[in-house]
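Chemist: Whatever this is, show me its structure:
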Amino acid sequence: MRMNNFLLLPIIIPFFFGMILMFGQKNLKYQRSFALLGIGLALISAISLLSKVKNDGIQKVTFGDWPVPYGITMVSDMVSALLVTTTLLIALFVVWYGFGSITKERERFFYYPGVMFILTGVNGAFTTGDIFNLFVFFEVLLMASYLLIVLGGEKGQLKGSIKYILINVISSALFVITVAFLYSVVGTLNMADIAVKIADINQPGIVTVIAVLFLMVFGLKAAIFPLYFWLPTSYAAAPIPVLTLFGALLTKVGIYAITRTYTLFFVHDLSYTHDLLMALAVATIIAGCIGALAYHDVKLIIIYNIVIAVGVILFGVSQMNEIALKGAMFYLIHDMLIKAALFMLIGIVIYITGTSDLRKMGGLMNKYPALGWCYLIAAFGLAGIPPLSGFVGKLLIVQGGFEAGSKWSSIFILASSLLVLLSVIRIFLYAFWGEEKETTGTVDKKVYYTLFVPTVLLVLITVAYGVGSEWITPFMDDAAKLLSDPSIYIDAVMKED
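Modeler: Numbering: from 1, shown residues only. Model prediction:
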């Protein structure tokens, strides 16, 4: 196998294991062990791909050995390699955590194939170098997510899932129409080639219209203002492991798509496209802060924090300088890890108390001090208290904002950290302090540890990500250079093998 084909492994391995897991639904041991094995193998291939990209630069493979703009090209650069590795790392912990919380009925009903096909779609979307193929991988991950969101068939789930499916069907139709518009203007679907063609025709008004349409399509998927309305109810209905997977990964694919298109080809009318993106990013943060402070449901508080993070990352992207883009990458990976950890933590709290309503919780610190401190560390990490994981990314985004002349917006981004902290500390004060409330049912120690061990490990990884940020910086530098200078990507993809 040529080394180039190696970049397909993080997509092919989950797909292959997803197909194997379609059989033997009743055999839980087989389902669980093969799911972990598949994700483990994919993670190993992703880590080796990451080091290959670091050492040898951008990797690409074009199917059927066609010359570049004609064949379908898959490209692994530093941005996609980092995202693919993080995705698989999170999936490993989520599947492990799910052993204690997903319920056996769901496990026996295509839960693991669903997870595998979501990973296939997410990693494919991060790796493709072809805009239509991005749509195809979006559909793969959406179809798998439709299965996972209705798994268990509870009333709340079905209600949330109808909204989720409707929104995504509409956004997919819009996506195809927008791709068709773009194709009619530039006559190509290869992303690097699109960038070249748009530069040649010098971005007339029609390309700006297409840029705004793409912002709508991907904005629906990323949940930016005002298109985030579907997210809280749809996500809150899902079981915790599924919610964790969705919260950590699915909106990030939308963010990635905006980042890729807005740094690669829609770069000629910045005063319109990127100022619009910045305004929407700030509005998204405000909307997320209001939601995070308004509710007493632990799931909804963390879900609205997803919306806040979407705004912060896209604000970094809209500044279009290397520092802000580096911050956006740092913050994107941080957010994937920390959101997964927080959803897993509140899952344990819900398991112990039997409710997701803060007002019915209290005094967990007495019996579960380790859980309490773990949650506090994750909450500080989310708010970006130094030296934890959210700090470096947010600092760089704000610095890039000042450099680009967006002084007030940058100050607002800093101030929003306080609201984020307030929203997650409320959970800590309500659930862990105060007098103990009556909890429903007994807590099975074995189940508790099945939930607690992967969660603690993930929290430790987020701490290491923040404290050891100087080791991660070289990777982020590469990613930021690539995003701020499209020619690096274009040259790597367009050059003849």
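
Chemist: Could you measure from the residue of the chain most remote from its centre over to residue 361?
Modeler: The C-alpha centroid of the chain is most remote from residue 435, which lies 36.6 Å away (CA atoms, centre = their mean). Noted for residue 435: a distance of 11 Å to residue 361, by CB to CB, to the nearest Å. Glycine gets a C-beta too; all of them are placed from N, C-alpha and C.

Chemist: again, but for residue 380
Modeler: 20 Å.

Chemist: Just want to know which of these two has more residues nearby.
Modeler: residue 361 (25 against 21; other CB atoms under 10 Å).

Chemist: so who does the spatially closest residue to that one that is not a sequence neighbour touch?
Modeler: In this structure, residue 361 finds its nearest non-sequential neighbour in residue 431, 4.2 Å apart by CB to CB, 6 or more residues apart in numbering. Contact analysis of residue 431 by CB atoms under 8 Å, 6 or more residues apart in numbering lists 298, 349, 353, 358, 361-362, 364, 375.

Chemist: Tell me the one of these nearest residue 49?
Modeler: Nearest to residue 49 out of these is residue 375 (CB to CB; 33.6 Å).

Chemist: Now for the closest one, how many residues are close by?
Modeler: Neighbour count for residue 375, taken as other CB under 10 Å: 27.

Chemist: Let's verify it: helix, strand, or coil?
Modeler: Classification of residue 375 by DSSP: H, G, I helix; E, B strand; the rest coil places it in helix.

Chemist: pretty sure it is touching residue 345, no?
Modeler: Yes. Using CB atoms under 8 Å, residue 375 makes contact with residue 345 at a distance of 4.9 Å.

Chemist: which residues touch residue 70?
Modeler: Applying CB under 8 Å, 6+ apart, no residues contact residue 70.

Chemist: Sorry, wrong one. I was asking about residue 132.
Modeler: Each residue near residue 132 by CB under 8 Å, 6+ apart is listed here: 179, 189.

Chemist: next one: residue 69
Modeler: Applying CB under 8 Å, 6+ apart, the residues contacting residue 69 are 188, 190, 192-193, 494.

Chemist: and which of the residues you listed is nearest residue 481?
Modeler: Nearest member of the contacts of residue 69 to residue 481, counting by CB to CB, is residue 192, at 16.2 Å.

Chemist: Can you report how many residues lie near that closest one?
Modeler: Applying other CB under 10 Å, we find 26 residues neighbouring residue 192.

Chemist: Other residues contacting the helix or strand where it lies?
Modeler: Using DSSP states H and E, residue 192 sits in helix 191-201. Outside helix 191-201, the residues within contact range by CB under 8 Å, 6+ apart are 68-69, 73, 75, 129-131, 182, 185-188, 207, 260-261, 264-266, 268, 486, 489-490, 492-494.

Chemist: Tell me the buried residues in it?
Modeler: 191-198 (16 or more other CB atoms under 10 Å).

Chemist: ok, back up a step: whichever of the contacts of helix 191-201 end up buried, select them in ChimeraX.
Modeler: The ChimeraX selection below is limited to those of the contacts of helix 191-201 classed as buried (16+ other CB under 10 Å):
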select :68,69,73,75,129,130,131,182,185,186,188,207,260,261,264,265,266,268,486,489,490,492,493,494
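
Chemist: can you give me the strands in the protein?
Modeler: 59-62, 73-76 (DSSP state E).

Chemist: Give me whichever of those is most buried.
Modeler: strand 73-76 (a mean of 24; mean count of other CB atoms under 10 Å).

Chemist: any residues touching it, and which ones?
Modeler: Here strand 73-76 has contacts from 7-8, 11, 49, 53, 58-63, 84, 127-130, 190-192, 489, 492-493, using CB under 8 Å, 6+ apart.

Chemist: is it possible to export the strands of the chain to CSV including mean pLDDT and distance to residue 169?
Modeler: Below are the strands of the chain laid out as CSV (pLDDT from 0 to 100; distance: least, CB to CB, whole Å):
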stretch, mean pLDDT, distance to residue 169
strand 59-62, 90, 31
strand 73-76, 93, 27
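
Chemist: Dump those strands into JSON lines; add distance to residue 109 as well.
Modeler: Below are the strands of the chain laid out as JSON lines (distance: least, CB to CB, whole Å):
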{"stretch": "strand 59-62", "distance to residue 109": "36"}
{"stretch": "strand 73-76", "distance to residue 109": "32"}
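
Chemist: Nearest to residue 98, out of these?
Modeler: Comparing the strands of the chain under CB to CB, the one sitting nearest is strand 73-76, at 28.4 Å.

Chemist: Contacts only, for residue 267.
Modeler: 320, 486.

Chemist: still on that earlier bit, kindly state which of the strands of the chain is positioned closest to residue 142.
Modeler: Comparing the strands of the chain under CB to CB, the one sitting nearest is strand 73-76, at 19.9 Å.
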